[in-house]
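[1] give me the fold of what follows.
(2 chains)
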Number of protein chains: 2
Amino acid sequence: MGMDSIKKYQELINKNLNEELIGNSPENLYAPIKYVLKIGGKRLRSALCLMACEMFSGDYQQAIKPALALEIFHNFTLLHDDIMDDAPVRRNKTTVHKKWDSNIALLSGDAMSIIAYKYIAQTPVQLNQCLEVFNDTALKICEGQQLDMDFENNINVTIKDYIYMISLKTAVFIACSLKIGAIIGGANAKDSQLIYDAGYNIGLAFQLQDDLLDTYGEKNKFGKQIGGDIISNKKTFLLINALQSANKQQHEELISRLSIKNPDPNEKIKTFIDIYNNLNVKDETLNQINNYLELAITDINDISINSNSKESLYQFVDYIRNRNH
Amino acid sequence: MGMDSIKKYQELINKNLNEELIGNSPENLYAPIKYVLKIGGKRLRSALCLMACEMFSGDYQQAIKPALALEIFHNFTLLHDDIMDDAPVRRNKTTVHKKWDSNIALLSGDAMSIIAYKYIAQTPVQLNQCLEVFNDTALKICEGQQLDMDFENNINVTIKDYIYMISLKTAVFIACSLKIGAIIGGANAKDSQLIYDAGYNIGLAFQLQDDLLDTYGEKNKFGKQIGGDIISNKKTFLLINALQSANKQQHEELISRLSIKNPDPNEKIKTFIDIYNNLNVKDETLNQINNYLELAITDINDISINSNSKESLYQFVDYIRNRNH
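    Presented below is the predicted three-dimensional model:
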């Protein structure tokens, strides 16, 4: 079901990424980039870009180069995020800064972002508009990542602060991927905005799912360390909700573990999950995910093309609702 | 003399950088960017871009946005280089990763590179061509930085390897700055290539001067730690020449100090400088700088515009020849 509808686009992205020459020398610069791109990932942003282009024009071809740009840029942000979070594992593989070193990870990330720009520069139509959307979004992603880090040392983060942070860190990029595809596909301004809004809401739901999977997922499927967010004091939707609805004792247990340096990670994860379970944080998160996906469906309903053309995007919403990795 | 000719462009860049809005929130993202851009620097690349545009068109206005892009991108590369080299001081100020931390330096660097792209996207004419030159150059700069790091652990670096590395790390960017200005100013393909070649040779000379100043400069003028290259085992033009012309005893002294972990820095610097002095490495470097600058002058001579219009660029060559910071 859901996943099938985007499979064709994912395969297109993988095929084109493999065909593209990334460069070979110096090896310490390019080998990490190839490693990151070869590991895979869901190719969601690039797939959505192709899907949106095809929705409006009946053809995805014109969107391939910018879609590759989005995919490479996304992987660049993950590479640098993993340095900043000192994450050991991504997609079940050792992260670049652990496999090589942090200088190599830093510089190959920089090179990846430039390679992304080489692809966006090859956008065959509406280059100016696509570049503007891409640049605005890229800067917001940095703002979101900085807020995410700032929040690690702040116990007063509200749900509103959190939603603002993930809107920057995650939602605008999914929105931008759909919008760039739509612009290239010839969508008018109103439809481009609607698909952007749909992507924004999908993106918020996607990030809440990610928070959920980081705590409740299966490591082999999710591909990251389970409980990583808890260990690094990430102010996730789960934790903020728990802090808000906790009784005095639960609140103290959470706060004390947020302030201890080098706590026992397994004990910390277990304590947090017990409290989350006690407070039904998981259901609250699932409800919120549904709310955002319903908003996305309303946005998609309002797009002024025939319903058949929207089918793949509706299916994508279902896929997000049901994803376990 | 020399410096006056570019002063007007430097002032233009500083004025426009100050007027431009960089963003304010989150503060940990934008404060380091403002800090870096406020410290100043010679604004050479952006000044050269304006100069080249005016050479061909009589007006620099159209080149202001891409010139700002070049300046911001250059400062981004310095910010990230300083993390990789763990450099404590730049332009007589504490580096960003020391004043804040390395995560903040990493991310604000990323944001700076995106801001640079926001400016290059505003190039009012010949956007496609300028983007292509910019992207190709940006990637080469990463390749050069990686080679520079690779060379730190390699005692067999030849002069040829070294020139290739600095061509990527330094020369192509100065070449690109002139070429983008020339393209915007309406230069034909041949003249664009000639000014690129001139910039390339100026860039090689510039980097050799930098190597010289790192060892023989005055800290207050140069703005960086003197002897920093020696401490970090940088394979500079000076060191490679010394290794090539050293007698057996000198060679052993150099090699042994390159392999000791955590040597006394002052003793190491003194030993290297004594050997450099004994081998006339300074004069050899000055000769080579002159050779590259003569090549640049030949390139400039061949540009098909009247000589008066070239005056500022000739003066710039003189400035490079005589610079002490």
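[2] quick one, helices of the stretch 101-250 of chain A?
    Per DSSP state H, counting those that start in this stretch, the stretch 101-250 of chain A carries helices over the ranges A:102-120, A:127-152, A:159-166, A:172-184, A:189-216, A:219-222, A:228-231, A:237-245, A:248-259.
[3] which stretch among the ones you listed comes nearest B:F206?
    helix A:102-120 (21.8 Å; CB to CB). For the C-beta atoms, the positions are set from N, CA and C on the backbone; glycine is no exception.
[4] average pLDDT for the closest one, rounded please.
    Average pLDDT, helix A:102-120: 97.
[5] ok now that helix, how far from the chain's centre?
    Computed by CA atoms, centre = their mean, to the nearest Å, the chain-centroid distance of helix A:102-120 equals 18 Å.
[6] by how many degrees do that helix and helix B:102-120 diverge?
    20 degrees (axes from the mean of the first three to the mean of the last three CA atoms, to 10 degrees).
[7] pull helix A:102-120 out as CSV, backbone CA atoms only.
    C-alpha atoms of helix A:102-120 as CSV (Å, rounded to 0.1, in the frame of the first residue of the first chain):
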residue,chain,number,x,y,z
SER,A,102,35.2,14.5,12.9
ASN,A,103,37.4,16.8,10.7
ILE,A,104,36.7,14.5,7.7
ALA,A,105,33.0,14.4,8.6
LEU,A,106,32.9,18.1,8.8
LEU,A,107,34.6,18.7,5.5
SER,A,108,32.9,16.0,3.5
GLY,A,109,29.6,17.4,4.8
ASP,A,110,30.6,20.8,3.4
ALA,A,111,31.4,19.2,0.1
MET,A,112,28.1,17.4,0.1
SER,A,113,26.2,20.7,0.6
ILE,A,114,28.1,22.2,-2.4
ILE,A,115,27.3,19.1,-4.5
ALA,A,116,23.7,19.7,-3.6
TYR,A,117,24.0,23.2,-4.9
LYS,A,118,25.6,21.8,-8.1
TYR,A,119,22.4,19.8,-8.7
ILE,A,120,20.0,22.6,-7.8
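[8] which elements pack onto it?
    Identification of packing neighbours for helix A:102-120 by 3 or more CB pairs under 8 Å, 6 or more residues apart in numbering or on different chains; DSSP states H and E yields helix A:27-39, helix A:64-85, helix A:96-99, helix A:127-152, helix B:64-85, helix B:102-120, helix B:127-152.
[9] picking that back up, mean pLDDT for the helices of the stretch 101-250 of chain A: which is lowest?
    Lowest mean pLDDT of the helices of the stretch 101-250 of chain A: helix A:219-222, a mean of 70.
[10] which other helices and strands contact that helix?
    Taking 3+ CB pairs under 8 Å, 6+ apart as the contact cut, helix A:219-222 packs with no helix or strand.
[11] which residues does it contact?
    A:92, A:213-214, A:225-226, A:324-325 (CB atoms under 8 Å, 6 or more residues apart in numbering or on different chains).
[12] of these, select the buried ones using a PyMOL command.
    Applying 16 or more other CB atoms under 10 Å in any protein chain shown to these, the buried members can be selected in PyMOL as follows:
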select buried, chain A and resi 213+214+225+226
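[13] redo the contacts of helix A:219-222 as CSV? Include distance to chain B.
    Below are the contacts of helix A:219-222 laid out as CSV (distance: CB to the nearest CB, whole Å):
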residue, distance to chain B
A:N92, 25
A:L213, 24
A:D214, 20
A:Q225, 19
A:I226, 23
A:N324, 30
A:H325, 27
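[14] the contacts of helix A:219-222: which two are farthest apart?
    A:Q225 and A:N324 (16.4 Å).
[15] now do the phi/psi pair for A:R90.
    Main-chain torsions, A:R90, degrees, to the nearest 10: phi -140, psi 130.
[16] residues contacting it?
    Contacts of A:R90 (CB under 8 Å, 6+ apart): A:39, A:78, A:82, A:223-224.
[17] repeat the analysis, applying 10 Å as the threshold.
    Applying CB atoms under 10 Å, 6 or more residues apart in numbering or on different chains to A:R90 gives the contacts A:36, A:39, A:41, A:75, A:78-79, A:81-82, A:96, A:98, A:223-225.
[18] thank you kindly, that will do.
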